[in-house]
Structure formats: structure tokens, C-alpha cells
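> sequence unavailable; structure follows:
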Ligand SMILES: Cc1ncc(COP(=O)(O)O)c(C=O)c1O
């Protein structure tokens, strides 16, 4: 079974961390991943930086710009991750925009992901219908799970459709915003979490956008299987050492 | 089946187009997709659009036989005078259409991107006209180099927000507008300024701009007794004035289409915006099209002396016209365009926008026969470019 789905069966709330590969320094990728696993993070989203990240707010934009300046490319990332499965066993997901993957070649990209031991992809600007019509068979051939998004504006009908296509968890975007802009949840958002939880979808939900500390992590996971932290983590690694990563994760899980 | 160069029912021109957007944008774009054709087909929409184009924009724009220019180049040159429109360019045809569309969709707030500021001014203008709130995103670098247009937008009541991400120019302003739309999913309409972006934008903008070719047909019939020219020439940034000038002739292959891109300091100088020559297939701003990018798929920053042609992609219609050879794509350097612009001043008493001057430079690149009727889209006037002209020619 795919590592993501295995993880989803564990009887706990899951913490997934996003970071931009190549940030703050080009060669931090492997150390960050290893430290996150050691800190008891459940899943990692490795951000493949893109020049024009439409769904991201200022923090992830800036980290992407810096990572590209540092020399990060698809090729470099794959090289860095070449031996990652010798030291890391938690699920690894690549999150990125579709254009760099299109240029690499979708099939070649998927194949390399499989060779490395990547478990899934989150590609916000690859629309669901294009995925099912053109790429689903390729993704599946190489054992990659495509994680799809829903938002507070997604209609119930479309959520049902996305649930039917999804084969792992659904990435539930917490509010109408780009990443890292809002923090904390208001009643409207909590109602939205409840509403979706009550739909009894076949796939578990993991919330992303707006989670930055223990309080928001607990709120979000009250109704869902887990939560994803991105921008708040990027801020931690901006200036700090690997110890700060461990401390941050502890503060979220509040152990 | 006869080949068509129009959009298909799935939102593609051949393999180009589509809507490669994050799920957060899906409801907005889908609402527009489901409604735009219906709304445009409503007779009351058409009546309001036509009346504003006539009384407010000043349409039809003249189709002017440029006698001295024709003599010089030994062919019959007609200029489609979009420069005489209110606000000085073709951009207003689209913003008038989209503002009525926005009202009918029940939107109260308008956002737009702008590079040189022409589309921003055209958007701020129609927002003032309709009393809607207007926010224009503009790259920080462009704000510094296009101060008069920033002032115009402010006078018209718009809020101008600097885009400080990435390269701080048009493509980043477009990103910021899209991010705003993600964050304001119910009350806001995004008025895109060219035939770019996710479906249905390229088609919707082309339809609003198609008034240009509709008028060309009528005016040519009156003046030449024939409803089609041999050639249509237009500059291409994103491609909206070209799409509008080509529209009614797209499927009539007797009419030759010429699209002119900005070569900047030379196609291979590293400072160019000649997308068809330098680009390859990829995704920019939600559309699959030709764009300038690194081999890793990072979108690169274009350059042209003309801010309106300084876009790293072209609309999907043009990508298809290029790929199928339906249109001939030429590129014109900064210097060639500036010379052609100044020549029009001297020969015809018309100061063209530098974008349009790129189209005019075609007469030095290609020979037409004396019987040919060549219609050139004079997309805008040069008032906004005086400083650039002054600097270039040390006036
Ligand atoms: C006068 C003029 N012509 C042409 C353009 C290029 O746009 P498009 O290719 O969409 O016509 C612009 C853009 O600002 C413009 O201001």
C-alpha cells in the first residue's frame, strides 16, 4: 500500500509540513526532511519552486523566488532526493505547479518520482478534468497519488465528484485565500469544516492554509484527519537552525 | 469539416487554451464560463454594449486610407483607427464589454492587472462610468516608469496596488490580480486586459474586440466595394487587438493574417518579447499556450521598449494561428518600431503608440503588391509614449 494511505490508517491526527525545496539554502532539502521525520512529523510536502505560484501568498512566493535564485531546479531536486529512502520512511509528497512538470515531461517526472520513492503529488493548477482525461493513468502507472483540493466555495456536487476521483486524502483549503495570508479560524470556517465532515466522504480530510500553532492545529483537526503547515514553517526555517525545527514541531503537537 | 480557428466547445484552440487554474478559482471562472455566452447573446446586453461603444467610446473608429504611406510602400494601406477611441486604444472595447458583464453577474468590485497602464486606465474609466469599485494591480517597476497612467487611474477613482513579487512587472501584476480573485470569490469580477488567462477569457475578450473586424468588413465594402482585405496586420502583446482585427476573417484563408511581435533588442539578444520565436508550449496564467520560459519551466521576463508588448506569453488563439501557419508571425526590434512610428507622424500626421508602431514596421520587412489591400490595426495613440519617443530620438 502507498505510504500515504498507510499513514492515514494510523489512529492519530496527522501533521504534515510543507517547505520550499532549496530554501533557505540550496542544499538544505535532505536535512530538513530528516529533521522533520525525527521530530515526529507524519508527512512532508516538498515544494518544487515556481516563478509564478498563483495560489501562494507572500511567504511562499518569497521562499520560491529565493530557492530559484539559489539554483533549485527539478533536476537538482531529484538529485538531492536520490537516496532519501535510505534514511526517511514517512510519506513524501511533491507540491508544485504544473508547468515545470510539463517541461520535464509528465511521464519522465512520474517515473523519477517512483524511482526516488515519492508517494504523491499536489499540483494546484492541474485541473481535475485534465487530470482524469490525460494524466491519471500515467500517475497511477508510477504509483503516485494525486491529491485534490476543495475550498469553502466548492459546491457539494463537486466535492462528491472530487471525492470519487480521490484515492487518498482530500486537501481541504480552509478559507478563500492564498497560502499564509490568514491565520486562525472564525466561526464560518469552523462551520465549513463541520459541514464537510458531515458529508461522510470516503476519503479523509486534511486541512491546509491558516494553520500556524497548536491552537489552530487542534481546531482544524477536531473535524478532520490532520492539518498541513506551510508558511508558518517557512518563517521558522528562514533564519533558524535545525533545532528550531524540532522545537516548532513540538510546539504544534504540544507534547 | 472545414477547419476552424475559433475556440471549441471545451475551451481550446487546437491544443491551446483550457483553464489550468487552482481549485480556489474554479467557482469564479466556472460562473463566467457558464454565463458569458448567454449574457452576450441577450439583446439588451448587445444594445447597451453597442450604445456605449458608439456614444462613449466614439465608434465606429474610422478606417482611414493612408495615402502617403501607401504611396511610399506601393500598396493600399488602410489604418483602423483604434487610437481615436476614448482613452486612446482598443483596450476600452473589452473593458466596456466586461463591465456590463460584471454588472449582470451581480459583481460590485472590479480588479485588473496592467503593464503600461493602458488597460488599467481603460478599466478605471469604465468603473467610474458604472460607479463600481476598482482595484488595479501594477508591477512596482511599471508604476515607477508609467507615472502619468498611474495618476490617470487615481484621478478616475481606482486604487493602484503595486505588485512587489517576482519580477515586479506585468506578469506579476497578473499573478496578484489572480490572487486577489482567489481571496474575493463572490463579489469581484476580474477584467483581464487581453486574450489571455483561463477559458473563457480569451474567447470573451476576442468577442468584445471583434467589433474591430466587423467594422472593417463594413467600411471596406463602402470604400473599396469589397468586404475583405488581402492582409490584416496587427501587433501582438497578449493579442487582443490582433484577435479583434482578425476575428471575422479567421476562417477565410483568402485573408492573410500578420501578427507582429516585439523583438526588443533583437530576437536572440536575451532582451526580447518575441514569444512565438522564443517560446514553447506551457502554462501561464491559467492557459496552455506559447510562452517564454527556461528549460525548467520557469517563466522568464520579456523585454520590449513598448510596455504593452512586454508579456512572456501570447493568447491561445495566437499560439494556434502560429502553429497552424494560419497567421504569419514577424518580429520587429525596438529601433525598427521607433523609426516606423516616427515615419507615420511625418507622413500622415498621426503619432502612434509604440505597440502599434511595431505593426507599422512590417512595411520595411515585407513587400506587398500595388493591388493589395492591407488593413493595419492602429491599436493606440502615442501620447503615453512621448517620453520614450523623446528619449529615443533626443527630441
Ligand atoms: C496601444 C496598445 N496596443 C497593443 C497592446 C498590446 O495588447 P494586445 O496584444 O492585447 O492588443 C497594448 C497593451 O497595452 C496597447 O496599449
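Cool, the structure landed. Predicted model, so just to flag it, every value in this text is computed and none were measured.
> how close does residue B:29 get to residue A:88?
For residue B:29, the distance to residue A:88 equals 38 Å [Cβ to Cβ, to the nearest Å]. The C-beta positions use only the backbone N, C-alpha and C, and glycine is treated the same way.
> what's the longest strand along chain A packed up against?
If you go by DSSP state E, chain A has its longest strand at strand A:14-20. Under the contact criterion of 3 or more Cβ pairs under 8 Å, 6 or more residues apart in numbering or on different chains; DSSP states H and E, strand A:14-20 touches strand A:43-47, helix A:58-70, strand A:205-208, strand A:226-229, helix A:231-239, helix A:242-253.
> what packs against the last one?
Identification of packing neighbours for helix A:242-253 by 3+ Cβ pairs under 8 Å, 6+ apart yields strand A:14-20, helix A:29-38, helix A:214-221, helix A:231-239.
> count of residues packed around residue 226?
Just going to use chain A. By other Cβ atoms under 10 Å in any protein chain shown, the residues close to residue A:226 number 24.
> try chain B instead
11.
> and if you look at residue B:349?
Number of residues near residue B:349 (other Cβ under 10 Å) recorded here: 8.
> same question, residue B:274
26.
> again with residue B:112
When neighbours are counted by other Cβ under 10 Å, residue B:112 comes out with 30.
> now the helix or strand harbouring it, how far from the centre of its chain.
Element membership for residue B:112, per DSSP states H and E: strand B:109-114. Relative to the chain's own centre, strand B:109-114 is displaced by 16 Å; criterion: Cα atoms, centre = their mean, to the nearest Å.
> just list the residues touching the residue in chain A positioned nearest to the ligand, thanks.
Minimum separation of chain A from the ligand (Cβ to the nearest ligand atom) falls at residue A:52, amounting to 19.0 Å. Taking Cβ atoms under 8 Å, 6 or more residues apart in numbering or on different chains, we find residue A:52 in contact with A:97, B:166, B:171-172, B:175, B:284-285, B:299.
> so how far is residue A:124 from the residue positioned nearest the centre of chain A?
The residue lying closest to the centre of chain A (Cα atoms, centre = their mean) is residue A:45, at 3.9 Å. From residue A:45 across to residue A:124, the span is 12 Å (Cβ to Cβ).
> quick check: neighbours shared by those two?
With Cβ under 8 Å, 6+ apart as the test, residue A:45 and residue A:124 both reach residue A:95.
> looking at chain B, which strand is longest?
From DSSP E, the single longest strand across chain B is strand B:256-264.
> next, give phi and psi for residue 145.
Let's take chain A. phi -90, psi 130 (degrees, to the nearest 10).
> against residue B:124, how distant is it?
Taken as Cβ to Cβ, the span from residue A:145 to residue B:124 is 46 Å.
> and these two? Which one has more around it.
residue B:124 (29 against 22).
> about what we covered before: residues touching the strand holding residue B:112, excluding its own?
B:95, B:99, B:102, B:119-121, B:123, B:127, B:132-138, B:142, B:149, B:153, B:170, B:173-174, B:176-177, B:180-181, B:184, B:187-193.
> contacts with chain A among those, please.
residue B:184 (Cβ under 8 Å from any Cβ of the partner chain).
> out of the contacts of strand B:109-114, which are buried?
Buried by 16 or more other Cβ atoms under 10 Å in any protein chain shown: B:95, B:99, B:102, B:119-121, B:123, B:127, B:132, B:134-138, B:142, B:149, B:153, B:170, B:173-174, B:176-177, B:180-181, B:184, B:188-193, out of the contacts of strand B:109-114.
> partner strands of the strand holding residue B:112, with direction?
Under the criterion DSSP bridges, strand B:109-114 sits next to strand B:133-139 (parallel), strand B:188-191 (parallel) in its sheet.
> so which bits of stretch A:101-114 are buried?
Using 16+ other Cβ under 10 Å as the test for burial, stretch A:101-114 gives A:101-104, A:106, A:109-110, A:112-113.
> nearest to chain B among the residues you listed?
Nearest to chain B among these, counting by Cβ to the nearest Cβ, is residue A:103 at 3.4 Å.
> show me what contacts residue 126?
Went with chain A since none was named. Contacts of residue A:126 (Cβ under 8 Å, 6+ apart): A:98, A:135, A:146, B:20.
> you answered for a different chain; I wanted chain B.
Residue B:126 neighbours (Cβ under 8 Å, 6+ apart): B:92, B:95-96, B:98-99.
> do the same with residue B:138
By Cβ under 8 Å, 6+ apart, the residues touching residue B:138 are B:113-115, B:117, B:120, B:146, B:150, B:160-163, B:173.
> again, but for residue A:121
Residue A:121 neighbours (Cβ under 8 Å, 6+ apart): A:93-96, A:113, A:139, A:144-147.
> hang on, the earlier thing: which one of the contacts of residue A:126 has the most neighbours?
residue B:20 (26 neighbours).
> the one helix or strand residue B:358 maps to vs the ligand: in contact?
Applying DSSP H and E as the criterion places residue B:358 in helix B:354-360. Yes. On the criterion Cβ under 6 Å from any ligand atom, helix B:354-360 is in touch with the ligand at B:355-356.
> and the helix or strand just after that helix with strand B:256-264, angle?
Of the helices and strands lying after helix B:354-360 in sequence (DSSP H and E), the nearest is strand B:373-378. Orientation check (axes from the mean of the first three to the mean of the last three Cα atoms, to 10 degrees): strand B:373-378 against strand B:256-264 gives 40 degrees.
> for the one residue in chain B that gets nearest to chain A, grab phi and psi.
Residue of chain B nearest chain A, by Cβ to the nearest Cβ: residue B:297 (3.4 Å). Torsion angles at residue B:297 (phi, psi; degrees, to the nearest 10) stand at phi 80, psi 20.
> how about the residues of the stretch 201-350 of chain B near chain A?
Counting by Cβ under 8 Å from any Cβ, the residues of the stretch 201-350 of chain B near chain A are B:281-286, B:293, B:295-300.
> got a ChimeraX select line for the buried ones in those residues?
Those of those that count as buried under 16+ other Cβ under 10 Å are selected in ChimeraX with:
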select /B:281,282,283,284,285,286,293,296,297,298,299,300
